[in-house]
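Asks: using only what follows, build the 3D model:
(chains A, B, C and D)
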2 protein chains.
Amino acid sequence: MRPGIKDVAARAGVSPATVSRVLGGTYPVAQATRAKVQRAMRELDYVVNAQARALKGATSKTVAFIVSDVTGPFFAHVADGVEQQATAEGRLCLVCTTHDEPERELAVIDLMREQRADAVILVGGGQEDHAYRERMVRLARALDDAGSRLVLCGRPPLGDDVPATVVDYDNEGGAFAMTSHLLALGHRRIAFMGAQENLTTPTARVRGFRRAHHERGLEPDPELVIEGEFTRSFGYAGARDLLRRRPDVTAIFSATDVVATGVLQAVRDAGLRCPDDVSVTGYDDIPFAADFAPALTTVSIPHSELGRAAVRLALHRDSYSTGQYVKLGTHLAVRDSAGPLPH
Amino acid sequence: MRPGIKDVAARAGVSPATVSRVLGGTYPVAQATRAKVQRAMRELDYVVNAQARALKGATSKTVAFIVSDVTGPFFAHVADGVEQQATAEGRLCLVCTTHDEPERELAVIDLMREQRADAVILVGGGQEDHAYRERMVRLARALDDAGSRLVLCGRPPLGDDVPATVVDYDNEGGAFAMTSHLLALGHRRIAFMGAQENLTTPTARVRGFRRAHHERGLEPDPELVIEGEFTRSFGYAGARDLLRRRPDVTAIFSATDVVATGVLQAVRDAGLRCPDDVSVTGYDDIPFAADFAPALTTVSIPHSELGRAAVRLALHRDSYSTGQYVKLGTHLAVRDSAGPLPH
DNA sequence: GCCTGAATAGACAACGTTCTCTGTGGGTGT
DNA sequence: ACACCCACAGAGAACGTTGTCTATTCAGGC
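Replies: Okay, the predicted model is just below:
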């Protein structure tokens, strides 16, 4: 049987309350008594019951981390930041996946409400439609009532009156910078691979792509903004078809690095060289981007700082008068996969 | 304020016990009463308090997942399996990192003991010394007393009398197969990059490397078994020095894919081509191994099955008469980075 | 020698569930 | 008409903590 505070008290010859005070350290206990209690705890190999403690207190000292898929390199690095900061703040870290099923997302947030997590961090882009937004607003309020804080990490804010913390990064700015880079290299027929109408992340990236063209007085060819998921297989199929249909394209801006892996494969399979024949770039700067063939030019996101900031802001929300919206910067990681326009 | 079972009971005009019974579903409640209660729950947006429930029950319906670093691709995929299976079994998933600090490992396991997790899954290799083993044995017993199960995932068993579940993979067999593959391609001066004396994983891989030589009546050159950590930077520095010191080497078997990325970089920087001048192989088959330059020949590990099996075995340990030790197979993933011996 | 106040320790009531007893009606069998 | 059982619902005690309130002791000041 697992010993409780009473067993320790009995063995030390004191009352349970005294043991609790030794545990907490927030109340005067005589040196001799403390020693007796500590000895009893050691002898019984006692550990507190976290559930009982949480039941008494207001919170479970836990941070929940919700992603669509733990294996995504993007998520793994945000998770790293979350875990680091949570540990530093004396919190444990719960992980849940949604696999992009909206109902599952709902269910998982209810689970976290049951757990009375201090913060519930939703990582990754969200959908753009109104119904989804409304649901998020309701969840934010429900969590707020339960004493938790909803944190949106990597997606835009819901509105000022919604009790949620938002930690975003400059999605559009990164796409703008990358597109400008390609334009500066002389490319004019640039494809964007992986647009998705109703999702916040690809939409912001397409916006940056367009804006970079417009600022140079150019109009992006609508035929070159290609819809598709953030997967390797879409990158492969999409690029293969594109290269057949539009051999005049000289650069492909992939919506994510994972898409870029597929694009690079398609380029190789088409007998073309990168970057000599066609430039390929990505977005995210995943850990192995520098090891691809060729090393991938991409947009770097401060992944782990995103996670750390999420936890930090959520837990100290009263002391941040600056508000609950932070937008971190992105920057270009220029490597070998994008070069000047071939002639 | 967050509503409790009493508030629901009051609103529905029944006793708290009845509400609990509607919640549990394991006791007859009249149809009309059930409807009243469910309506009250909906109106108050009630969710149970997981801590209170766990306090009553024997366990917190939680699985803990302990790794040295969440960002490692190996870990991410085991985590995926763990999370999948935990969800399927109605458990939540706690994540902790140790960053390879033994004291932190200790502290984290105590934290899990406090949480009364159903299973505590320790992922990745361990140290080989006696003191460490003894400590693990004590932890296994302590967790067993607390009603939890220690699971060792990706490291060898502690002994028959220790209450722990072990889910391992054929570490040595994979190294044996890979080395045999290289030998069959004609290579005779093969380096092993990333041995570490006191750690179980590299030790097993070196063992397979040696055995493959011996079975062909060959003796591996001790100078070619190079000590080093499982990092990209070691791979780079180690391979750079090796290629300078021993230009006669024709193949480099990297202890992990991450090491291989560094090795590949060093090979490129030395002006050599892979696999034409020197073959390079890895171990782990991380997700992007196929996207490296060239696509990496490596040993594939059933990562997520490792995680799933860990949870499955730990939670149903009474119904597995077969014992609490499972060893999963590994297989070669032959790609482009290893070729026949150049002449 | 008595009062005051610090320092310390115990008793007891929460926290929100679930489980085990006890009812309490109303239907059935004889 | 009586006993009996069944289906249901309530009362109350846990689970292991922590916080509040009260009781004891002892030193010091008058």
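
Asks: low-confidence regions, chain A specifically.
Replies: Applying pLDDT under 70 to chain A flags the ranges A:320-323.

Asks: ok, and the closest non-adjacent residue to whatever residue of it ends up closest to chain B?
Replies: Chain B sits closest to residue A:293 of chain A, with a gap of 2.8 Å, by CB to the nearest CB. Every residue, glycine included, has its C-beta placed from N, CA and C. Among residues not flanking residue A:293 along the chain, residue B:293 sits closest, at 2.8 Å (CB to CB, 6 or more residues apart in numbering or on different chains).

Asks: with residue A:202 instead?
Replies: Closest to residue A:202 by CB to CB, 6+ apart is residue A:196, at 4.3 Å.

Asks: tell me the contacts of that neighbour?
Replies: Residue A:196 makes contact with A:202, A:203, A:227, A:228, A:229, A:230, according to CB atoms under 8 Å, 6 or more residues apart in numbering or on different chains.

Asks: before we move on, what about residue A:129?
Replies: Taking CB under 8 Å, 6+ apart, we find residue A:129 in contact with residue A:198.

Asks: how much space between it and residue A:172?
Replies: 20 Å (CB to CB, to the nearest Å).

Asks: same question, residue A:153
Replies: Residue A:153 sits 17 Å away from residue A:172, going by CB to CB.

Asks: try residue A:73
Replies: Distance of residue A:73 to residue A:172, computed by CB to CB: 22 Å.

Asks: out of those two, which sits in the more crowded spot?
Replies: residue A:73 (23 against 19; other CB atoms under 10 Å in any protein chain shown).

Asks: what kind of secondary structure is the nearest residue to the more buried one once chain neighbours are set aside in?
Replies: Once flanking residues are discounted, residue A:73 sits nearest to residue A:286: 3.9 Å by CB to CB, 6+ apart. In three-state terms, and counting by DSSP: H, G, I helix; E, B strand; the rest coil, residue A:286 is coil.

Asks: what's the first helix or strand after the helix or strand harbouring residue A:226?
Replies: Element membership of residue A:226, judged by DSSP states H and E, is strand A:225-227. Using DSSP H and E, the next helix or strand after strand A:225-227 towards the C-terminus is helix A:232-245.

Asks: other SSEs contacting that following helix?
Replies: strand A:190-195, strand A:251-254, helix A:257-269 (3 or more CB pairs under 8 Å, 6 or more residues apart in numbering or on different chains; DSSP states H and E).

Asks: for residue A:21, find the nearest of those.
Replies: helix A:257-269 (53.7 Å; CB to CB).

Asks: how about that closest one, does it reach chain B?
Replies: Yes: shown here: helix A:257-269 in contact with chain B (CB under 8 Å from any CB of the partner chain) through A:261, A:264, A:265.

Asks: just to revisit the earlier point, phi first, then psi, for the residue nearest to residue A:73.
Replies: Note on residue A:286: its backbone torsions stand at phi -70, psi 160 [degrees, to the nearest 10].

Asks: so it makes contact with residue A:257?
Replies: Yes: Residue A:286 lies in contact with residue A:257 (CB atoms under 8 Å); the separation is 4.6 Å.
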